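In: Using only what follows, build the 3D model:
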Amino acid sequence: MPEPVRILVADDHLIIRQGLRLILETEAGFELVGEAADGAEAVRLCAELRPDVVLMDLRMPGMDGLTAVERLQAEQPDVAVVILTTFNEDDLMMRGLRAGAKGYLLKDTDRATLFNTIRAAARGETLLRPEILARVLSQAAERRAPSGSSSADLSQRELEVLQAVARGERSKEIAVRLGISERTVKAHLASIYNKLGVDSRAAAIAVAAQKGLL
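Out: Next comes the predicted model:
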């Protein structure tokens, strides 16, 4: 049997933490190793407990979730963060992506999406639900000042790969659709990350949305 995905939940609302615990305990392959009521406690417990994935609320007293994401990215980059959010937090969603979060979960999400997002984050992948991505892109479009084409010098093929990533496609799926090898897809992604100054798919989507590339 594979090792279970070790999860830490950070949310200042006890009922949210209890609810997530009850849900996760019903699914094989997950182990809830700790709970935190604020960002500082989450960072401390991550250092102690070494979870694979942290479910992080954005709005918490003291150190908020966004600051905690930034701290974890700098100090414990192996910990994958999935942010717990609501639809009225678009700006924080964008900032969280740029800070290194692997994805987002709405607090009223269904069980299947919760499980799939956690598993993807544990694998180092990013899953963004279409409705969340649509709001992120819409918010970026509204804030973007009119300007000339700003493609960050991405090639046409790199733009195609980036747009496929934004649709949630995996490297293998992108390779099949574009008729190239999975290794070539990963090489394109490495080049995209370098040109955009990011180190993850989620951050690339956020920056590309702000630049109007999507």
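In: For the rest of this, base every contact and every neighbour count on C-alpha atoms.
Out: Fine.
In: low pLDDT regions in this protein?
Out: Counting by pLDDT under 70, the chain contains low-confidence residues at 1, 87-90, 127-152.
In: how about the strands in the protein?
Out: All strands of the chain, identified by DSSP state E, fall at 5-10, 30-36, 53-57, 80-85, 103-106.
In: Please identify the deepest-packed of those strands.
Out: Burial of these is given as mean neighbour count (mean count of other Cα atoms under 10 Å); strand 53-57 ranks first at a mean of 28.
In: tell me what that strand is packed against?
Out: Contacts defined by 3 or more Cα pairs under 8 Å, 6 or more residues apart in numbering; DSSP states H and E place strand 53-57 against strand 5-10, strand 80-85, helix 111-122.
In: Using PDB, write out every CA atom in the last one.
Out: Extracted C-alpha coordinates of helix 111-122, given in PDB (Å, rounded to 0.1, in the frame of the first residue of the first chain):
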ATOM      1  CA  ARG A 111     -15.700  15.600  -1.900                       C
ATOM      2  CA  ALA A 112     -14.400  14.400  -5.200                       C
ATOM      3  CA  THR A 113     -12.800  17.800  -6.000                       C
ATOM      4  CA  LEU A 114     -11.300  18.000  -2.500                       C
ATOM      5  CA  PHE A 115      -9.700  14.500  -2.900                       C
ATOM      6  CA  ASN A 116      -8.500  15.100  -6.400                       C
ATOM      7  CA  THR A 117      -7.000  18.500  -5.600                       C
ATOM      8  CA  ILE A 118      -5.100  17.100  -2.600                       C
ATOM      9  CA  ARG A 119      -3.800  14.200  -4.500                       C
ATOM     10  CA  ALA A 120      -2.600  16.400  -7.400                       C
ATOM     11  CA  ALA A 121      -0.900  18.800  -5.000                       C
ATOM     12  CA  ALA A 122       0.900  15.900  -3.300                       C
END
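In: Give me the buried positions along it.
Out: Neighbour counts using 16 or more other Cα atoms under 10 Å place Leu114, Thr117, Ile118, Arg119, Ala120, Ala121, Ala122 of helix 111-122 among the buried residues.
In: and the angle from it to strand 30-36?
Out: 80 degrees (axes from the mean of the first three to the mean of the last three Cα atoms, to 10 degrees).
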